[in-house]
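1. Please find the sequence and the predicted model below.
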Amino acid sequence: PAPQAFGIAVYDGSNYIYLVGGRSGTQRLDAIHIFDVSSEQLLDETITAVFPFSGGVSMILDQQLWIFGGHDGSEAVDIVQKCDISSFTANSTTAEPTATPTA
């Protein structure tokens, strides 16, 4: 991948690290690269995020890579992106609070 800063790295708990978004110079990135820990190589496959961004937070749950927020180069965004890491597809929704968390 291109040199980058302000990206996210997420480990899937078994063998892969997902390198998500970031910034190269002033350009925000939409690529999600996959690093194979056992071979210490980047895979040829990538996932394209719904929009280019840097920052934000991310986690993996049930073969879904969730990406919350970030910055699009102009402002912070309230988007949630969900990427199916088994089929290399992504979609997004605007994050709107619908419930109060319970303890």
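-> Nice, I can see it.
2. Need the pLDDT of the residue nearest the centre of the chain.
-> Centroid check for the chain by CA atoms, centre = their mean gives residue 20 as the closest residue, at 3.9 Å. The per-residue pLDDT reported for residue 20 equals 89.
3. so what's the residue lying closest to it once chain neighbours are set aside up against?
-> In space, and not counting its chain neighbours, residue 20 is closest to residue 8: 4.2 Å by CB to CB, 6 or more residues apart in numbering. All C-beta spots, glycine's among them, are computed from the backbone N, C-alpha and C. Listed by CB atoms under 8 Å, 6 or more residues apart in numbering, the contact set of residue 8 reads 18-22, 55-58, 67.
4. hmm, try it at 7 Å
-> 20-21, 56, 58 (CB atoms under 7 Å, 6 or more residues apart in numbering).
5. Residue 18 versus that one, what's the distance?
-> For residue 8, the distance to residue 18 (CB to CB, to the nearest Å) stands at 8 Å.
6. Likewise for residue 6?
-> For residue 6, the distance to residue 18 equals 15 Å [CB to CB].
7. Please identify which of these two sits among more neighbours.
-> Between residue 6 and residue 18, residue 18 has the larger neighbour count (other CB atoms under 10 Å), namely 22 against 16.
8. who does that one bridge with?
-> residue 10, residue 34 (DSSP bridges).
9. can you pull out the strands in the protein?
-> 8-11, 16-20, 23-24, 27-36, 41-53, 57-61, 64-68, 79-84, 89-94 (DSSP state E).
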